[in-house]
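1. Curious how this folds, go ahead:
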Amino acid sequence: MVEIVFAKITYLWLLGVIPLMIFVHFYSLKSGRKQALKFANYEAIRRVTGEQIVTKNVLLLLMRLVIVVALILSVAGTSVWYIGNATNFDMVIAIDASSSMLAEDYSPNRLEAAKTAMVLFAQNVPGNIRIGLVTFSGAAFIKLQPTDDMEEVVDAIQKIEIERLGGTDLGQAIITASNLMPRDGPRAVVLLTDGQDNVGINPEEALDYIKNDKIIIHTIGMGSPEGGSIGDISATFRLDEEGLKEIAESTNGKFYIPKDEESLRNAFLSIAAFKDSPIKKDLSIYLLGIAILMLLVEWGLLGTKYKII
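-> Next up, the predicted model:
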């Protein structure tokens, strides 16, 4: 899928000058012909040149239109996004750290199983990747800025603990994780939770906030269907599978729902091998080059083939 975007879309209003240029061109052509007919040697000049003046002027008009359009698109910051094989990118893991992650349906509990899988992930990602870390419950907490130092990543993962703020704010987790990464280049978020959004920013609002950033979000839903216990307390926490699946699919990511520790590790290994990512190509400099080249060609033609006698 290819998508064209504009950094300064208001400049596209300048394209409205195109119809005016066409009108002025043909009006001037008509007026010039009337003036030429006043001279007795007009037909003789036309026979000597062997050219059809209208055709020559249309060619020049087309060149000028290309120049103007290229300049306008250049100043509008025209870029193209496409899905390609990214060799380097930034990624932030956003992990649910609410108290429900202490449930023991994974060994020894959900949080520790997730941390083990995350460490395996950090040890198996390609070399040209930077990883950041965010934990969330009723709010989001930055634990590590994106870095390519995997030892630092592993250390930060091992230090993750339960956050004592109640609730699950998926929207804030998405926005915080996205804001940690630079605006350019391939980017991805791994969102891991065992619950459903119940406080703070709506996930749809968060997705709308990042829609122009082309960030892929992979979602992992933890929790067995029968739930798990925390010590002697039986706990069943409902997982919003449809919501997590929608978040992933709307950003070209993947949704995983591991049933045990092994499938959880496999999910992270699958993400580590995931290379397809939106890639941005800035066309502004190329459009400017086209405009300058066409302008030079036009000047050359006006001084030679289309030189006024």
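
2. Does Ala114 lie in a helix or a strand, and which?
-> helix 110-122 (DSSP states H and E).

3. Which other helices and strands does that helix contact?
-> Helices and strands in packing contact with helix 110-122 are listed as strand 89-96, helix 150-158, helix 261-272; criterion 3 or more Cβ pairs under 8 Å, 6 or more residues apart in numbering; DSSP states H and E. (Each C-beta comes from the backbone N, C-alpha and C, glycine too.)

4. what lines up beside the first one in the sheet?
-> Spelled out, that is strand 89-96. strand 129-136 (parallel), strand 187-193 (parallel) (DSSP bridges).

5. mind showing which ranges of this structure have poor pLDDT?
-> Within the chain, the stretches with pLDDT under 70 are 1-2, 29-57, 84-87, 127, 224-229, 231-238, 275-278, 303, 305-309.

6. For Ile217, grab the count of nearby residues.
-> By the measure other Cβ atoms under 10 Å, the count of residues near Ile217 is 28.

7. how big is the angle separating the host helix or strand of it from helix 261-272?
-> Element membership for Ile217 (DSSP H and E) is strand 216-221. If you take axes from the mean of the first three to the mean of the last three Cα atoms, to 10 degrees, strand 216-221 sits at 180 degrees to helix 261-272.

8. in strand 216-221, what counts as buried?
-> Ile216, Ile217, His218, Thr219, Ile220, Gly221 (16 or more other Cβ atoms under 10 Å).

9. Bridge partners for the fifth one, pull those for me.
-> Think Ile220. In this entry, Ile220 is beta-bridged to Leu192, Tyr256, by DSSP bridges.

10. Output the contacting helices and strands for the lengthiest helix in the chain.
-> As assigned by DSSP state H, the longest helix anywhere in the chain is helix 53-75. Judged by 3+ Cβ pairs under 8 Å, 6+ apart, the packing partners of helix 53-75 are helix 17-36, helix 284-303.
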